[in-house]
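J.: Predicted structure and sequence below. I'll ask about it afterward.
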Amino acid sequence: MLPEVEAWLRRRTSSAGDWPAAELAAAKGETTVSVVLPARDEQETVGEIVTAIRRELVEAVPLVDELVVVDSRSVDDTAGRAARAGARVVAQDEILPDLKPLDGKGEALWKSLAATSGDLLVFVDADLREFDASFVTGLLGPLLADPGVAYVKGCYDRPLQDLQGGGGRVTELVARPLLNLHWPQLAGFVQPLAGEYAGRRSVLERIPFVTGYGVEIAMLVDLLDLVGLDALAQVDLGRRVHSHQSTEALGGMAAQILQAAWSRLERQGKMVALHTPVASLAQFRRDAAGHRVTVRDVAVAERPPMVTVPGYRPGS
């Protein structure tokens, strides 16, 4: 590990317990905070998360000013349960409706910049189980304590069944090797693909957003380029429990992460591309006749920095 990364780890890593909600509320002053949950078919968990945030960080302590669920074309009762729990629910395709709609989690995250108005944005995945409001306070802490911090990433243990730390397979097999190979300054991030992070609007609106599952790794790489390592931080949130994807589904995620990394390597002049990556992934399943191939589209689209979008106005 680079010496500068070792120094960064000591300087910019903290724990959620270091940031009590009452102290953060007292320190926020005129700063406004928006919490965003991108959600697709998460009716089993989204209501509990929204309820906890409202109860502990809106009503008990006035820390969160805006709690928004961006509903990404759910076909279950995600929107209804989120609204009944006290969130403002916005349909993804109703934000910036003049733009051609795109697919993927990153699209919901990008559009949330236009649907919210907070100076600080906290993003929390809507599939979390055993959710604790310290996820939000932990991510806000470094931003409210130090104006030099622009972005905070969550880290945690991810159990897989009874195996502690067994989750995060795409992180260990794809994302971490990529970062260590090409962006070693980012090697200190424990969970580079974590869906829990927070940032200053003034910074987030200046980077592009990959629309698919490559959004987290692309965001880290782009922010390193924009603001430098010392403006990035991470917070130990303890333990993250959520439903796990099949190996086949993880293969699709990995393919999108590789494409997002490819585009940044090319853009930053770290490689010369001699061909265009194929945006399809062949996978195999065995049935009675043998191995059956399925081919899925894993193309990665990208939205431009939100500040470049005509008519962009926070909260519009």
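T.: That came in fine, so what should we check first? The model shown is predicted, which means the values in this text are computed figures rather than measured ones. Numbers count the residues shown, from 1 in each chain.

J.: which residues are in contact with stretch 250-264?
T.: Here stretch 250-264 makes contact (Cβ atoms under 8 Å, 6 or more residues apart in numbering) with 169-170, 173-175, 178, 182, 193, 210, 212-215, 217-218, 221-222, 245, 270, 273, 277, 279, 281, 283, 296, 298-300, 302. From N, CA and C alone the C-beta is placed, and that goes for glycine too.

J.: one more time with 7 Å, if that's ok
T.: With contact meaning Cβ atoms under 7 Å, 6 or more residues apart in numbering, stretch 250-264 is reached by 169-170, 174-175, 178, 210, 212-214, 217-218, 221, 277, 281, 283, 296, 298, 300.

J.: what's the answer for stretch 205-217, then?
T.: Contacts to stretch 205-217, defined as Cβ under 7 Å, 6+ apart, come from residues 102-107, 109-110, 113, 175, 192-195, 218-219, 222-223, 226, 253, 256-257, 259-261, 300-307.

J.: For ChimeraX, what selects the buried ones among those residues?
T.: In ChimeraX syntax, the buried subset of those is picked out as below (16 or more other Cβ atoms under 10 Å):
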select :102,104,105,106,107,109,110,113,175,192,193,194,195,218,219,222,223,253,256,257,259,260,261,300,302,303,305,306
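
J.: Which of the contacts of stretch 250-264 fall in helices?
T.: Per DSSP state H, helices hold the following members of the contacts of stretch 250-264: 169-170, 178, 217-218, 221.

J.: By neighbours, which of these wins?
T.: Within the ones in helices among the contacts of stretch 250-264, residue 217 tops the neighbour count with 28 neighbours, counted by other Cβ atoms under 10 Å.

J.: Return the distance of that residue relative to residue 296.
T.: According to Cβ to Cβ, to the nearest Å, residue 217 stands 20 Å off from residue 296.

J.: swap in residue 1?
T.: According to Cβ to Cβ, residue 1 and residue 296 sit 36 Å apart.

J.: More neighbours: those two, which one.
T.: The residue with more neighbours, out of residue 1 and residue 296, is residue 296; 15 against 12, by other Cβ under 10 Å.

J.: mind listing what that one touches?
T.: Shown in contact with residue 296 (Cβ under 7 Å, 6+ apart): 252, 280-281.

J.: The same query, at a cut-off of 8 Å, please.
T.: 252, 280-281, 283.

J.: likewise residue 285?
T.: Under the criterion of Cβ under 8 Å, 6+ apart, the neighbours of residue 285 are 248, 291-292, 294.

J.: now do residue 39
T.: 46, 69-72, 74, 78, 82, 108, 126.

J.: Dihedrals phi and psi, it?
T.: Torsion angles at residue 39 (phi, psi; degrees, to the nearest 10) stand at phi -140, psi 130.

J.: Residue 232 too?
T.: Note on residue 232: backbone dihedrals following degrees, to the nearest 10 are phi -110, psi 150.

J.: pretty sure it contacts residue 224?
T.: Yes - with contact defined as Cβ atoms under 8 Å, residue 232 counts as touching residue 224 (6.9 Å).
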